[in-house]
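Student: Please find the sequence and the predicted model below.
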Amino acid sequence: MKYHELANFYYQIEKTTSRIQMTNLLVELFKSTPKESIDKVVYLSIGRIAPEYTGLEYNFGEKLAIRAIAELLNIDEHDIQKKLIETGDLGEAVKIIAEEKGVSTEPRLTVEEVYRTLRQIAETTGYGSLKKKTELFKELVKKATPLEIKYLIRTLTERLRLGIGDNTIMDALAIAFTGEQKNRPVIERAYNLTSDLGYVAKVLVEKGLEGVKEIKIEIGRPIRPMLAERMAIPSFILKKLGGKCGAEYKYDGERIQVHRKGDTFYLFSRRLENITQQFPDLIEFLKESTPDEYIMELEAVVIDPTSGAIRPFQDLMNRRVKYVTRFHIMMYPIAGFLFDLLYLKGEDYTVKPYPDRRKKLEEVVKVTERINLATRKVIDNVEDLETFFHQAIEDGCEGLVCKSLAPDSIYQAGKRGYLWIKYKRDYKSHLADTLDLVVVGAFYGKGTRAGKFGSLLMACYDPETDQFKTVCKVGSGFKEDDFDKLDEILSPHRIDHKHPRVNSILSADIWYEPFLVLEITGAELTLSPVHTCAWDKIKPSRGLGLRFPRFTGRYRFDKRPEDATTEQEIIEMYKNQIQIKV
Ligand code: ATP
């Protein structure tokens with residue numbers, strides 16, 4: 001398969017403003033892909049070389065690309081810089097220069113060759129790696145057309161900016177290889193168990209839908225996390241859970257999925273990055289406390305080792321460093337609270353009800369000072385639920401996660417549902433909980449911020465339509481250095497029109513590919529004629545907007561745009577808010 005086909009696809013996607021068109025383009029691309037290359041094309045279409053959990057990154061900065069291009073095309077680096085300032089995109093800048101220099105437009109590269117070389121670039125590390133990466137890049141560029149160079153640069157510098165989401169890929173795979181979008185749930189299940197869309201696509205192409213149904217959990221491949229819905233009124237929670245639930249402390253730490261096979265451990269974060277290197281101490285504790293083959297989930301917190309008390313979330317953030325030293329381990333001692341069992345010695349526990357999973361967890365875990373089970377109580381009345389909630393807060397937790405005890409209370413990988421309901425302290429206020437919203441656009445500021453952005457257009461996520469729908473314009477809560485920081489984070493994601501997956505009535509001055517999630521608080525949710533969240537769902541021609549929105553200062557780098565607060569959650573919060581007011 002010629003790489004040119006992929007470059008053309010990128011070009012078309014960049015121009016489209018419709019989600020349907022985006023899916024159709026992907027369907028065409030997948031259909032024209034040879035069987036043996038489908039996994040590679042899936043990764044490349046989302047700008048990656050392998051699934052996120054492998055941690056494989058290019059680590060190829062713009063400076064490196066500029067130097068290599070200058071040498072190859074025999075031009076001054078400054079000329080490239082100048083073009084970059086003019087166009088705002090290095091890929092586009094180099095494409096224009098390459099055209100001016102008469103670089104051949106005859107397609108010669110194949111997808112397979114590009115993938116192989118990009119993979120080599122990503123895998124090259126250590127001493128002398130920059131030189132080797134540059135050489136490999138140059139080999140590709142020598143054979144590439146100007147359009148291909150543009151996308152090679154964007155891919156390598158991790159600025160592809162197409163914003164194709166997992167759901168769009170899954171829709172397109174279902175249509176391309178089974179003829180019907182309604183088969184997506186089978187693909188989705190396999191993806192939720194493996195977190196690897198390239199692998200699922202390969203099985204689909206080689207073994208069909210039946211093969212995909214056979215895909216099983218494997219140690220080393222993260223399972224997409226089960227998530228909780230939220231409710232603010234204890235009696236409603238109990239009612240929703242059939243009058244009885246397993247209430248567990250909701251620890252305010254970092255969610256970690258632990259995979260163990262003998263002495264080999266893999267730790268995955270909430271967004272499924274491989275964070276094994278960050279917690280050598282936790283691994284040692286787990287070696288002592290847990291069986292030798294399993295997948296479990298825990299919440300890691302920093303504790304005071306003498307009293308055992310949980311220390312604030314901020315302390316844990318100090319452990320989020322690339323290289324953990326003895327200093328970090330001593331200053332910020334970690335404890336793990338296990339709350340779920342997903343797999344044990346060849347047996348899939350995700351299909352078993354929660355009471356069985358918890359019982360097994362209690363059986364196989366040896367509790368120590370640093371490894372414990374989430375504190376839990378089976379509760380069947382409001383008074384006990386309130387008391388337990390206050391006890392959780394006193395013990396330094398955020399509140400409770402109330403879990404269904406029903407026979408169908410399986411572990412729903414990758415799903416947010418009412419089998420788990422979170423009940424948090426902030427729900428006592430008018431606006432139940434903060435919102436995690438995605439930046440989709442920005443508006444220019446006034447006065448000292450003229451010419452720069454003054455407020456951001458924020459959206460929630462609707463998994464049904466795979467769209468980002470607006471909820472508010474936020475301009476307060478930012479500190480002066482936040483603006484610079486946001487500028488730096490967002491500018492590589494700037495696009496010249498509304499992203500096809502963004503649903504907005506408001507027309508922003510600047511548009512961004514959905515990428516960054518910020519935590520936003522506000523006074524209350526109200527019906528809105530300008531925001532598209534919950535449009536027509538509560539009242540005709542009205543959506544839901546957040547009044548007096550404010551940035552809390554918390555950048556949610558741990559969340560992907562698709563992990564943002566969903567439209568359905570906002571509808572629930574709006575209803576809860578009305579109930580609290582009454
Ligand atoms: P939040 O932003 O409130 O942490 P979230 O979107 O990360 O929410 P939710 O599903 O909404 O995730 O809330 C559940 C989260 O609470 C889990 O992701 C996990 O990190 C944390 N947690 C703490 N204690 C528990 C527990 N006992 N059982 C399940 N999850 C727990």
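Tutor: Looks like it arrived, so ask away.

Student: Which positions in the stretch 301-450 of the chain make contact with the ligand?
Tutor: Applying the criterion Cβ under 6 Å from any ligand atom, the portion of the stretch 301-450 of the chain that neighbours the ligand consists of F339, A374, V401, K422. For glycine as for every other residue, the C-beta is placed from the backbone atoms N, C-alpha and C.

Student: Wait, a helix at the last one?
Tutor: This means K422. No - with DSSP: H, G, I helix; E, B strand; the rest coil as the criterion, K422 is assigned strand and is not in a helix.

Student: quick one: what helix or strand has the closest residue in space to it that isn't next to it in sequence in it?
Tutor: Distances taken as Cβ to Cβ, 6 or more residues apart in numbering place A228 nearest to K422, at 4.3 Å, with adjacent residues excluded. With secondary structure defined by DSSP states H and E, A228 is part of strand 227-230.

Student: can you check I38 too?
Tutor: Element membership for I38, per DSSP H and E: helix 38-45.

Student: and the helix or strand that that helix is followed by, which residues are buried?
Tutor: The helix or strand immediately downstream of helix 38-45 is helix 62-73, counting by DSSP H and E. Taking 16 or more other Cβ atoms under 10 Å as the basis for neighbour counts, the residues of helix 62-73 that come out buried are E62, L64, A65, I66, A68, I69, A70, L72, L73.

Student: and the last one, what is it in contact with?
Tutor: With contact taken as Cβ atoms under 8 Å, 6 or more residues apart in numbering, L73 is in contact with I97, A98, K101, V103.

Student: One more pass at 7 Å, please.
Tutor: With contact set as Cβ atoms under 7 Å, 6 or more residues apart in numbering, L73 has these partners: I97, A98, K101.

Student: Next: C397.
Tutor: With Cβ under 7 Å, 6+ apart as the criterion, the residues that contact C397 are Y249, K250, Y251, D252.

Student: Then C472?
Tutor: For C472, counting by Cβ under 7 Å, 6+ apart, the contacting residues are M458, I520, G522, H531, G545, L546, P549.

Student: Could you export the residues you listed to CSV, including columns for secondary structure?
Tutor: Written out in CSV, the entries for those read as follows (three-state DSSP):
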residue, secondary structure
M458, strand
I520, strand
G522, coil
H531, coil
G545, strand
L546, strand
P549, coil
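
Student: And the residues you listed, which is closest to D395?
Tutor: Top of the list for closeness to D395, among the contacts of C472 and by Cβ to Cβ, is I520 at 27.9 Å.

Student: how about that closest one, what does it touch?
Tutor: Remark: with contacts taken as Cβ under 7 Å, 6+ apart, I520 is in contact with T434, L435, L437, M458, C472, V474, L546, P549, R550, F551, T552.

Student: got the contact list for E148?
Tutor: Contacts were defined as Cβ under 7 Å, 6+ apart; by that measure E148 touches Y3, H4, A7, L109.

Student: ranges for the helices of the stretch 351-500 of the chain?
Tutor: Assigned by DSSP state H, counting those that start in this stretch, the stretch 351-500 of the chain shows helices spanning 354-364, 382-394, 480-490.

Student: How about the stretch 101-250 of the chain?
Tutor: Taking DSSP H, counting those that start in this stretch as the criterion, the stretch 101-250 of the chain carries its helices at 111-123, 129-143, 146-156, 166-178, 184-194, 197-213, 234-240.

Student: which one of those has the most crowded surroundings?
Tutor: Per-residue neighbour counts averaged over each of the helices of the stretch 101-250 of the chain give the maximum for helix 146-156, namely a mean of 24 (mean count of other Cβ atoms under 10 Å).

Student: chain center to stretch 93-100, what's the gap?
Tutor: Between the centre of stretch 93-100 and the centre of its chain there are 34 Å (Cα atoms, centre = their mean, to the nearest Å).

Student: Ok, stretch 338-354 next?
Tutor: Distance, stretch centre to chain centre, for stretch 338-354: 23 Å (Cα atoms, centre = their mean).

Student: So what would you say the end-to-end distance of that stretch is?
Tutor: Using Cα to Cα, to the nearest Å, one end of stretch 338-354 lies 13 Å from the other.
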